[in-house]
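Undergrad: structure of the sequence below:
(4 chains)
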Number of protein chains: 2
Amino acid sequence: MSIFSKLSFKDKTFKLREQAVLDATTTLLASKGFDLMTMDDVAGEVGISKPSLYKHFKSKEDLATEVMIQLLDDALTYLDGQEPTLTSRERLENLLEWALRKRLEGGLPFLPSGSPHVREILTKSLRYLTRAYKLHKQLGQIVDSAKEAGELRTDLPTDVILFSYYSRTCDPAVDYMQLYGHYSADAIVRHMLTITFEGIAGSARS
Amino acid sequence: MSIFSKLSFKDKTFKLREQAVLDATTTLLASKGFDLMTMDDVAGEVGISKPSLYKHFKSKEDLATEVMIQLLDDALTYLDGQEPTLTSRERLENLLEWALRKRLEGGLPFLPSGSPHVREILTKSLRYLTRAYKLHKQLGQIVDSAKEAGELRTDLPTDVILFSYYSRTCDPAVDYMQLYGHYSADAIVRHMLTITFEGIAGSARS
DNA sequence: ATTGCCTTTTACTAATCAGTAGCTTTTTTT
DNA sequence: AAAAAAAGCTACTGATTAGTAAAAGGCAAT
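TA: Residues are numbered from 1 along each chain as shown, chains lettered A, B, ... in the order given. Predicted structure coming up:
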């Protein structure tokens, strides 16, 4: 019993700290990006030293990869927990809103878009790719049913819709609205949903 | 005469080389981004040495700023040269297409979106800000007339439309379409225009 | 050919940062 | 309480890169 509880306690604190590291990295990646974030930044933010950090993650690239994996897992969990009564379009809207709100709280790093360097790192991780593919496949099915239900354009290929959809989560327009337009989080989300689904011309011709 | 022609010739080669530097930097910024581009990269690409490079631009930040200024000037020139018979929406479409094609040829760096660091650099340059403001004002007028003509949604604020419009020029969806979807440049442009103006749902309800 | 001037380059400095070696402190075991 | 073990930290290394000082090279006028 003593060995078990001890090990389990140590394991617990270890895991807790690991999560703290991941959280701090998430925030730092979202604010500074991969290249400008230093391992000293991360260690300092968590309140540990750099060598301790390397007990958890063997490199900066590994750390960033784990953050992105966790993000994809969160997205998959969110998708999985959606009410089955929702229409396909509502599911897409809700997921995008979830991502945008996460981002507005400073918790959404978007590495794959940024630099080719980072994209290369991520495509080397099988664990990342597995999740990205799973999410892509699930969303593809949702887009297809939305098309069948007449909720999405059928003249756009499904992958084009998906690429565009992903891009809205890291759209710089969000920063501009926040920084120069002083819009509230709610207004930003509302406008982003309109723009994504209806475009800037949209129903103007009606 | 001899002194004049000499000076003018030297001036000419100097300017020519400066343009070569700007062109190389444009390509490098578009492909690697600011942080990963080194001054040795630029010098090597042009075929000169680093100290010669510093005869033209006093720092890396200065060089990147000049590239962005030139880009804005090009956009302003393009806007200025548009046929006056075009509708406002056509003008917006044409400019976006111009930017997208430029990007697909590898010649469109999009610094201001990337890192906050770079945004800070640019906002310190009065010459950059002047041009950005001028372009923003002109496009704002075009958007407003498009709204009046019923060519754009009136339920979106003009600045939100503009922020979104700018963001389409650096939309990662373009990379994804090119990299994973193997779409042609023409198809990418067509889809981006549809998505920008009509959204992914767009006329699906008709 | 030689002197003087201007340009270009080689070879450096200083700073930053990922990753680590080895010492110190705390905790655990007996 | 003492010995052993584990965890964490200070202080380093090596590599990269922005920016520069001083040598090398070219070109004009005489």
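Undergrad: the helices in chain A, which residues?
TA: A:2-32, A:39-46, A:50-56, A:60-80, A:88-104, A:116-123, A:126-148, A:158-169, A:172-179, A:185-198 (DSSP state H).
Undergrad: any weak-confidence spans in chain A?
TA: A:1-11, A:113-114, A:204-206 (pLDDT under 70).
Undergrad: switch to 80 and redo it
TA: Low-confidence segments of chain A (pLDDT under 80): A:1-13, A:111-115, A:202-206.
Undergrad: coming back round to it: can I get the helices of chain A in TSV with mean neighbour count and distance to residue B:96?
TA: To be clear about C-beta, it is placed using only N, CA and C from the backbone, and glycine gets the same treatment. Formatted as TSV, the helices of chain A follow (neighbours: other Cβ atoms under 10 Å in any protein chain shown; distance: least, Cβ to Cβ, whole Å):
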stretch	mean neighbour count	distance to residue B:96
helix A:2-32	14	28
helix A:39-46	16	37
helix A:50-56	14	44
helix A:60-80	18	30
helix A:88-104	19	22
helix A:116-123	16	24
helix A:126-148	16	24
helix A:158-169	22	14
helix A:172-179	20	14
helix A:185-198	20	14
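Undergrad: include distance to residue B:75 when you put those helices into TSV, please.
TA: As requested, the helices of chain A are exported to TSV (distance: least, Cβ to Cβ, whole Å):
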stretch	distance to residue B:75
helix A:2-32	29
helix A:39-46	36
helix A:50-56	44
helix A:60-80	34
helix A:88-104	28
helix A:116-123	25
helix A:126-148	33
helix A:158-169	21
helix A:172-179	17
helix A:185-198	21
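Undergrad: of the ones you listed, which is nearest residue B:97?
TA: When these are compared for distance to residue B:97 using Cβ to Cβ, the nearest one is helix A:158-169, at 16.6 Å.
Undergrad: what packs against the closest one?
TA: helix A:88-104, helix A:126-148, helix A:185-198, helix B:172-179, helix B:185-198 (3 or more Cβ pairs under 8 Å, 6 or more residues apart in numbering or on different chains; DSSP states H and E).
Undergrad: the longest one packs against which elements?
TA: For helix A:126-148, the helices and strands in contact under the criterion 3+ Cβ pairs under 8 Å, 6+ apart are helix A:60-80, helix A:88-104, helix A:116-123, helix A:158-169.
Undergrad: other SSEs contacting the longest one?
TA: Contact partners of helix A:60-80 among helices and strands, from 3+ Cβ pairs under 8 Å, 6+ apart: helix A:2-32, helix A:39-46, helix A:88-104, helix A:116-123, helix A:126-148.
Undergrad: how about a cut-off of 10 Å?
TA: If contacts are counted by 3 or more Cβ pairs under 10 Å, 6 or more residues apart in numbering or on different chains; DSSP states H and E, helix A:60-80 sits against helix A:2-32, helix A:39-46, helix A:50-56, helix A:88-104, helix A:116-123, helix A:126-148.
Undergrad: which one of those lies nearest to residue B:148?
TA: Among these, if distance is taken as Cβ to Cβ, the winner is helix A:88-104, at 29.8 Å.
Undergrad: relative to helix A:126-148, how tilted is the closest one?
TA: 140 degrees (axes from the mean of the first three to the mean of the last three Cα atoms, to 10 degrees).
Undergrad: export the helices and strands packed on helix A:126-148 as TSV, with columns for distance to DNA strand C.
TA: Shown next, in TSV, are the helices and strands packed on helix A:126-148 (distance: least, Cβ to the nearest atom of the strand, whole Å):
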stretch	distance to DNA strand C
helix A:60-80	4
helix A:88-104	23
helix A:116-123	11
helix A:158-169	25
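Undergrad: DNA strand D is nearest to which of those helices?
TA: helix A:116-123 (10.3 Å; Cβ to the nearest atom of the strand).
Undergrad: mind checking how far that closest one is from the chain centre?
TA: 16 Å (Cα atoms, centre = their mean, to the nearest Å).
Undergrad: quick one: that helix to helix A:60-80, angle?
TA: Going by the same axes, to 10 degrees, helix A:116-123 makes 70 degrees with helix A:60-80.
Undergrad: send the alpha carbons of helix A:116-123 over as PDB?
TA: What follows is helix A:116-123, C-alpha atoms only, in PDB (Å, rounded to 0.1, in the frame of the first residue of the first chain):
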ATOM      1  CA  PRO A 116       6.500  25.400 -43.200                       C
ATOM      2  CA  HIS A 117       9.000  24.500 -40.600                       C
ATOM      3  CA  VAL A 118       6.400  23.800 -37.900                       C
ATOM      4  CA  ARG A 119       4.200  22.000 -40.400                       C
ATOM      5  CA  GLU A 120       7.100  19.700 -41.100                       C
ATOM      6  CA  ILE A 121       7.500  19.000 -37.400                       C
ATOM      7  CA  LEU A 122       3.900  18.100 -37.000                       C
ATOM      8  CA  THR A 123       3.700  15.900 -40.100                       C
END
